[in-house]
Structure formats: structure tokens, C-alpha cells
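> below are the sequence and a predicted model for it; my questions follow.
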Amino acid sequence: MSRVGLKLITIPSGVTVTQVEDRIIVKGKNGELSERVPRNITVTIDGDKITVSRANDSRNVKMLHGTVRALIANMIIGVTEGFSVELELSGVGYRVSLEGTNLSLAIGYKHLVKYPIPADIKVEVPSQTSIKMWAVSKQKVGLFASQVRALKPPEVYKGKGIRYVGEVVRKKEVKTAAA
């Protein structure tokens, strides 16, 4: 039994949730999101409550039950508050700046890495070593943050690279030669 899937979702004021065929559409002050509902999952909208139920107890349908409920809950949070991710650069000479619709990163290569920013993600650079990004969709902001981090992930010997704020990188000991 999915514990996440059984929880009711409360619709806050200012948010409208509609169901059109196999899609759930959520509109709020920050924008609009939609998600397709799998065929064995039923979404019932009753006033300001949303209930997610499943047709049978097969393994795949059980897995989708909690996932669909979490996606709908995240869409509601996204259109009301939005989601943000912060990254930090650590390393000598590592810096970031905004150039139009691109992030310009100096991350240890002999050239600047220019990475395009998607249209639905807002990015700001409060300092030369930090990046703040915000979006309505949790999936899109998380994907963009992971793509930027993948340009230079934290290195385990010196700790240099791009990391999430608060991420702990365990450093390894330097290899020593046996004498």
C-alpha cells in the first residue's frame, strides 16, 4: 500500500486544478503546469481536495500511485512558491557570470564554458562563486542544476568543482609511494 499515494492533496486558494482527459492542469500566480496521468491511476478533484487512487495492485501501478501524487503536489507548490537550487564554485580561479542568456563559467579549462539558460528558468549570480536558479517546475530546475554541476563535479582529492550549497564532499587521502 503506497503511503504517499494515499495522502490527500489540499488545493490552496488562488490555485485552480482541472482535469482534461488524461492530463492534470494546475494554474497559479507563478504560471501553469500540466502532467499526463497514467491510465490505471485515477485522480479525483473534489472541491479543494485531490485524491489519487489506483485501479489494481499490480507492481507497476503501485509504483505509479505515489509518484503521480507527488508530481501533482509538486506542481501545486511550484505554481504557488516555485523551486530554487543554489550552486557554489570552489577552486582557485573558478568564477561565474551572466552573459545575456548564457552562464559563463571559468572552471579550470583554458577557455570559458558558456552554458545556455532555458527560457523558463530564472538565474542570478549574487557573487562570482555562487549561482541561484529558480523555476516553477521542480523537474526542470533540478535537471538544469545537475547539468551545470556535471560540467565540473566536485573532485575528491582537492574538493574543487561545482557543488550544491550544503553538499559535503569527502576528500580522499593523496596516494603515497611505497619506499
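On my side now, so go ahead. Residues are numbered from 1 along each chain as shown.
> quick check: longest helix of this protein.
Longest helix in the chain, counting residues (DSSP state H): helix 59-80.
> mind giving me the packing neighbours of that one?
helix 3-6, strand 9-10, strand 23-28, strand 31-36, strand 41-46, strand 49-54, helix 138-150 (3 or more C-beta pairs under 8 Å, 6 or more residues apart in numbering; DSSP states H and E). Every C-beta, even on glycine, is put in place using the N, C-alpha and C of the backbone.
> can you name the residues in contact with that helix?
Helix 59-80 is contacted by residues 2-5, 7, 9, 11-12, 14-15, 17, 24, 26-33, 35, 37-38, 40-41, 43, 50, 52-55, 83, 135-138 when judged by C-beta atoms under 8 Å, 6 or more residues apart in numbering.
> next SSE downstream of the longest strand that the chain contains?
In the chain, ranked by residue count with DSSP state E as the criterion, the top strand is strand 83-90. As assigned by DSSP states H and E, the chain's next helix or strand after strand 83-90 is strand 95-99.
> ok, back up a step: can I get the buried part of the contacts of helix 59-80 as one PyMOL selection?
Listed next is the PyMOL selection for buried residues among those, using 16 or more other C-beta atoms under 10 Å:
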select buried, resi 2+5+9+11+15+17+24+26+27+28+30+33+35+37+41+43+50+52+54+83+135+136+137+138
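> can you spell out which helices and strands pack onto the strand or helix carrying Pro126?
Secondary structure from DSSP H and E places Pro126 in strand 122-127. Packing partners of strand 122-127 (3+ C-beta pairs under 8 Å, 6+ apart): strand 95-99, strand 130-135.
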